[in-house]
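> next comes the sequence, and after it the predicted model I'd like to discuss.
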Amino acid sequence: MQYKKINNLLGWLCFAIASITYIMTLEPSVSFWDCGEFISCAYRLQVAHQPGYPVFAMLGKAFSLLSLGDTTKVPFFTNMGSALASGGTIMLLFWSITALSKKLLAYKESEDADQSKLYMIMGAGLVGALAFAYTDTFWFSAVETIVFAWSSFCTALVFWAILKWDAHADEPGADKWIIFIAYVIGLSIGIHLLNLLTIPALALVYYLRRTRQITLKNALLAILVGIVILVFVQYGIRNYTVVGAAHFDLFFVNTLGFGFGSGALVFFILLIAVLVGGIYYSVKYKKPILNLAFLCCTFIYFGYSSFAYIPIRATANPDLDNTHPDNAFTLNSYLNREQYGETPLLYGPYFDAKPIDQTEGATIYRKGKTKYEVSGKKQNLVYDHTTILPRIYSSEGQDPEFYKEWLRIPDGQAPNFSDNLKFLFSWQIYQMYWRYFFWNFVGRYSDADGQSNMAGVDGNWTSGIFDGGKHLPKSIVGGDPSRPLEGVTYTPLFALPLIIGLFGLIFHFNRRREDALVVTLLWFFTGLAIIMYVNQPSVQPRERDYSYVGSFYAFSIWIGMGVIAIADLLRKKISAKTAAFAATAVCLLAGPVVLAKEEWKDHDRSTKMTPHDMAYNYLISCPKNAILFTYGDNDTYSLWYDQEVEGIRPDVRIVNLSLFTGDWYIKQMTHKMNESAPLPITMPFEKYEDGVRDVIYFDDRKVPGYTELSDVFDFISSDNPATMVQYQSGESANYLPTKNFKITINKDEVIKNGVVPDSQRSKLTDTLKFKYTSNYVMKDNLAMFDILSHNHWKRPICFTVTVGPENLIGLQPYLYKEGFVYHLIPFTPDTAEKGGAEKTNPMVMYDNVINKFKWGNFKTAKYLDHESVYMFYPVMLTTFLDLTQGLIAQNRPDLALNVLKKYDQEMPDLNPYIDVEGRKLYLAQAAYKLNDIVLGNKITNDIDDFLTDQLDYNYYLLQNNSDQISPRDINIGVQIIGALAEFTKDAHQPSSNKLAAQYKDYTSKFASILSRQQ
C-alpha cells in the first residue's frame, strides 16, 4: 500500500479514536469558568470578555444550530465542536510526526524502499498523537466549550502546513502554503493569541529550507526575524491597526466634524490601497519576496477582519456586551485588555516600592454625544525601588505576603534582584510550568490547587513509583468503597511518557539537529516564553496549565520520535521489521494506553451537571423580578448560560459586581434585559461615565447618628461645588462624609410588594441601619446606593451566597438565606443571633431545598471537577446545615429531619478540606438531636474515617518529614474527634468510647503541635 494512503488512513484513525473519546466524555451541559459566557455569546452572537473571540463565537454558533431548537442541547453541541477540533488536532499531530519522521529516516517512496522505516514512521505517529490525545491538560479542554481546543487546532494546522510546504518547497506554487498559514494565523487571532507563538518556529523552517549553507549565526538570525514577525503581527497588525483607525476617527470627528466611524472607514480604505498597491508593485517589478510579504499581510488581515464582528454586535446592544466596544478607541482598549491593568515586563518596581512621582501618559478618550471627549490621562508612576526584569512587583491584595512567605524574606527586609530571580525560577517557571509539564507526562497526586506549595501533595506531580512507602491518605489514592470519588484524580503515569519523549528528543537531536531545533522553538515559545511574557504576579484564581498546551503538543512529537529511537536500539538485536513493531507496541502500551487508563476516570464528565444545576438553584432561590448580585466567574457565567440560552428565570436581573465598576455595565443595567425591567438607577450617564466619580474617598465629618442613604447618595453624586472637597492640585471631587447609613422602612410598602407576608409585619424594623465597610466608594458601590435608595422594595434584592463580605457593604444583619442566595429583608436584627451569614428565612428556604432545587448528579456522577468538590460541595453542605439549624430554632423538628434525609439522599461523602468536617460535625449533632441515630452514626463514622486517615498521615510526616505537616489541620482534626466523642456520649452511642480513646491517642501523639497552636 502506498505511503500516502497509509498515512492518510492512520491520520483519520487517530481523529476517530480521539473524537470518539472526547464525545463519550463530554460534559453534557455548561462547564465552569468561561464556558457559560462563551456558550451564551455563541448562541446569541454576543460580545464576550476581552480581548474578544469572534471566530470562536461564530464557530460555536454553527455547532449550536445542531441542537435543532432544543436549547438544553446547545452546550452539548458546542462542547462537541471542541471535541471535533481536538480530534482534528490529534490527526494533524499524527501527520506532523510522520512528516518529521520521514525526514529523520530519509524515507523514499519507492518499490524497493525499506518497509521497516515505513512501520517506524507510522508507529511514531500513532504513539505521539494518541499519547497527546490522552494528556491531562489537552483532554480537559477537549470536552468543554473553551477557546483552547480550537486554538490547539490552529497551532497544529499551521505547524502541519509549514511541514507540507517544506516537503514541496521546490515545486511551483508551493508558497501557497505560506499564504494559507498567514490566513489561519489571522483567523486564529479571533480564537486566541497563542497561535502567534508558532511564528518563530515557522520562520526557522523557512530558513532551513531556503538556505543552501546553514550556519549557527544565520539560524539565530532567522529565529530573530521570526520574533520580529511575531511582534509585527501582535502589535503592528493586531494593535496599531486599531490605534491608527482610532486616531483617524478622532481627527475626522473632532476636527472635520464628520460622524463617528468616518475616519476609521477612511483609514481602512487607505490600508487596503497600500496592500493592493504593494501587491501590484511586487508583481510588476518581479519581487517575489516582497510579493509573498504583502500577500501574507493581506491574508492575515482577511482573517483578522473577523473582529468587525465586535463593534457590529456591540452596536446592536446585546444582553452580554462586555465594555460595549462600538468605536475604535473602546475597541483598542478592549483588544489590549486594559481593564485588567498593565504588567511590567522588562523594568518595573519591587512589591515594596513607594511611588515618589508620577508623569502623564497618553490621553484617554471616550465617545461623547457628537465628539470624542477626554476622560483623563494615563498616569505613569515613578517608584523608589525598581529593577530590570521585575518578577515580584505586585503590591495588590495578598501578593506581598505571598512573596515574603515563598522567598522567606524577613519582615522589614527589602527584596533584591536575587529574590527576583528566585521567584522567577522557583515559582513562575517551576511551580507554574514544570509542575504542569510533569502532570501531563509523569503523573499527579490530585486536582487540588497546588500553586502555593512546592513540596506538598496537593496539586503536585508524582510518578507513582515510590508512593507506596509514603503512607498517602485514602483521600489521595482512594481505596474506600464507600467513597468512590476519592482517588479519582490520582493519576500516576510512572513517568513513562516522559521517558519515551526524552529518548525521542535525544535521538532527534543526534540524527537531525535542525528539525529538532524547530520543535524546540515551538516548545519554548508555547511554554516558557509565555511565562516570561505573562509574568504572573502571584497565586492565580485557578491552575493555568491550559495556557501551555502548545508546548505539551511539541513534546508529544518527541514521544513519537521515541518509537524510532527504541526501534533503532532493538534492530541491533532483532530484525528491523520486528524492531519497528515491537517498539510501536511497547510505546503504545507505555504511552497512550497508560495515559488513557489513568486519565479516563478524571476526565469523564458525561454524568456531571453541577454548573448548570447550581446556576439553576441560584435563580430558583430568587423571588420574582429579583435583582441578583454575583461576583465570581463561577457564579456569573453559568447563570448567564442558564438565562441566555435555556431561558430559565428571565425575570431575574443578574448583576456582576466585578463588572459593575464599569460605566458601560451600569448603563446596560438601565435597559430592559430579557423579561427584566431596567434597574432603578436614577443617575444620568454623565454622572458616572469613565473618568467621572471613578472613586469617592471617605472623609469623616463626624456626622452624628445614621444618615438616610438617599441623602448620602444625593450628596456624593451632586455636581454642586459645595458638596466637594478641593485638593492641593486644584481639583475638586465628591467625598463620603459618613459611613453610618439608614433606610427608613415603610412597612405597608414592604408588605404590598410581597417582600414578606402581612403575618410577619411585627418582625419588620422601622429603620434599616448599617455601617458601610469601606473607606471609598467605587462605581459599583455608587450604583448600589442608587438602587437601594430608589428601589422602594419593589424588586427583591439578593446576593449569591458566594459573594464575599466586602461586597455586601455592611448589609449582613438584614440578609437572610432562602436557598443559595441571601435576600435583603428589613427584619429587626436579632442581637442574640450569631453572624448574619447564618440567618435563614426557613420556610421559604425549605420549599426551595426540598421541592425545587436540582443537585447536579452529585450522588451519582462518575467524576466531579475541582470547582464542584472544592467550591460548591461546601456551599451545598452549609446550605443543608443552616436550614436544619434554622428549622430547629423555629421548633420544626419534623421539617429539619426531612432536610437531613434530603442531604443523605442527594449528597455524597466528600472531603475537600478539613473545615468541611466541622460542618458535618454539626449535621451529625443535629441528627442525634432529632433522634435519627442511624444517620447520626453514619455521618460520625464518615468523619472519623476521614480524620483518622488524615491524622495518621500527618503523624507519619511528623516522624519522617515534619516540614510538610499541617498544624492547622492537626488541631482542627483532633478537636473535631473530641467533639464527636462528646456528641456520641450525649446520644448514648457505643462509639463514644472509641472516639474518646482516639482523641486521647492523637492528643498525646501531637502534643508538641497542639501546644504550639494553643
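Okay, I see it.

> mind checking how far stretch 377-396 is from the chain centre?
26 Å (C-alpha atoms, centre = their mean, to the nearest Å).

> pull out the buried positions in it.
For stretch 377-396, burial by neighbour count (16 or more other C-beta atoms under 10 Å) applies to 383, 387, 389, 390, 391, 392, 393, 394, 395. Yep, even glycine has a C-beta here, placed from its N, CA and C like the rest.

> likewise stretch 463-474?
463, 464, 467, 470, 472, 473, 474.

> kindly report the same for stretch 217-232.
219, 222, 223, 225, 226, 229, 230.

> ok, now stretch 521-538?
Buried, per 16+ other C-beta under 10 Å, within stretch 521-538: 521-531, 535-538.

> then stretch 754-772?
Buried residues in stretch 754-772, counted by 16+ other C-beta under 10 Å: 755, 756, 764, 765, 768, 769, 770, 772.

> now what about that stretch, what contacts it?
Outside stretch 754-772, the residues within contact range by C-beta atoms under 8 Å, 6 or more residues apart in numbering are 623-624, 706, 736, 739-745, 747, 750-751, 793, 796, 809-811, 813-814, 825-829.

> mark which of those are buried, thanks.
623, 706, 736, 739, 741-743, 745, 747, 750-751, 793, 796, 809-811, 813-814, 825-827, 829.

> quick one: which of the residues you listed sit in helices?
Among the buried ones among the contacts of stretch 754-772, the members falling in helices (DSSP state H) are 747, 750, 751.

> closest to residue 86 among those?
residue 750 (53.7 Å; C-beta to C-beta).

> now do the contacts for the closest one.
With C-beta under 8 Å, 6+ apart, residue 750 has these contacts: 756, 764, 793, 826.

> nearest to residue 298, of the residues you listed?
The closest of the contacts of residue 750, once distances to residue 298 are taken by C-beta to C-beta, is residue 793, at 60.1 Å.

> now the closest one: phi and psi?
When read as degrees, to the nearest 10, the backbone of residue 793 gives phi 60, psi 20.

> that one and residue 746, how far apart?
Residue 793 sits 8 Å away from residue 746, going by C-beta to C-beta, to the nearest Å.

> check residue 345 too.
Taken as C-beta to C-beta, the span from residue 345 to residue 746 is 57 Å.

> then residue 99?
76 Å.

> what's the answer for residue 186, then?
For residue 186 relative to residue 746 (C-beta to C-beta), the value is 60 Å.

> higher neighbour count, those two?
residue 186 (26 against 15; other C-beta atoms under 10 Å).

> excluding chain neighbours, what is closest to that one?
Leaving aside its sequence neighbours, residue 186 sits nearest to residue 303 (C-beta to C-beta, 6 or more residues apart in numbering; 2.2 Å).

> please verify my assumption that that neighbour contacts residue 180.
No - Residue 303 is beyond contact range of residue 180, at 10.6 Å (criterion: C-beta atoms under 8 Å).

> for residue 949, what are its contacts?
So residue 949 contacts 473, 474, 475 (C-beta under 8 Å, 6+ apart).

> could you rerun that using 10 Å?
471, 472, 473, 474, 475, 476, 479, 480, 486, 911, 973 (C-beta atoms under 10 Å, 6 or more residues apart in numbering).

> any idea how far residue 986 is from the residue nearest to residue 186?
71 Å.

> residue 22 too?
Applying C-beta to C-beta to residue 22 and residue 986 gives a distance of 53 Å.

> okay, these two: which has more neighbours?
residue 22 (27 against 12).

> doesn't residue 382 lie inside a strand?
Yes - checked against DSSP: H, G, I helix; E, B strand; the rest coil, residue 382 lies within a strand.

> any low-confidence regions in the stretch 751-900 of the chain?
Low-confidence segments of the stretch 751-900 of the chain (pLDDT under 70): 832-837.

> ok, the stretch 101-250 of the chain next?
111-113.

> can we see that at 50?
Judged by pLDDT under 50, the stretch 101-250 of the chain has no weakly predicted residues.

> where do the helices sit along it?
115-133, 136-142, 147-168, 176-189, 199-210, 216-231, 240-250 (DSSP state H, counting those that start in this stretch).

> go on, the stretch 551-700 of the chain?
Under DSSP H, counting those that start in this stretch, the stretch 551-700 of the chain gives helices at 576-588, 594-600, 610-621, 633-644, 663-668.

> out of those, flag the one nearest residue 870.
Nearest to residue 870, of the helices of the stretch 551-700 of the chain and by C-beta to C-beta, is helix 633-644 at 10.7 Å.

> residues near the nearest residue to residue 664 once chain neighbours are set aside, how many?
Excluding the flanking residues, the one nearest residue 664 by C-beta to C-beta, 6+ apart is residue 324, at 4.1 Å. A count of nearby residues for residue 324, using other C-beta under 10 Å, gives 21.

> gap between the two ends of stretch 49-58?
15 Å (C-alpha to C-alpha, to the nearest Å).

> picking up where we left off before, gap between the residue nearest to residue 664 and residue 243?
19 Å.

> kindly report the same for residue 388.
Residue 388 is 27 Å from residue 243, by C-beta to C-beta.

> residue 375: what secondary structure?
Applying three-state DSSP: residue 375 is strand.

> that one reaches residue 692, doesn't it?
Yes - with contact defined as C-beta atoms under 10 Å, residue 375 reaches residue 692; the gap is 7.9 Å.

> pull up the overlap in contacts between the two.
366, 663.

> residues in contact with the closest residue to residue 345 other than its chain neighbours?
Spatial nearest neighbour of residue 345, chain neighbours left out: residue 535 (6.0 Å); criterion: C-beta to C-beta, 6+ apart. Shown in contact with residue 535 (C-beta under 10 Å, 6+ apart): 343, 344, 345, 346, 348, 389, 390, 391, 393, 394, 424, 428.
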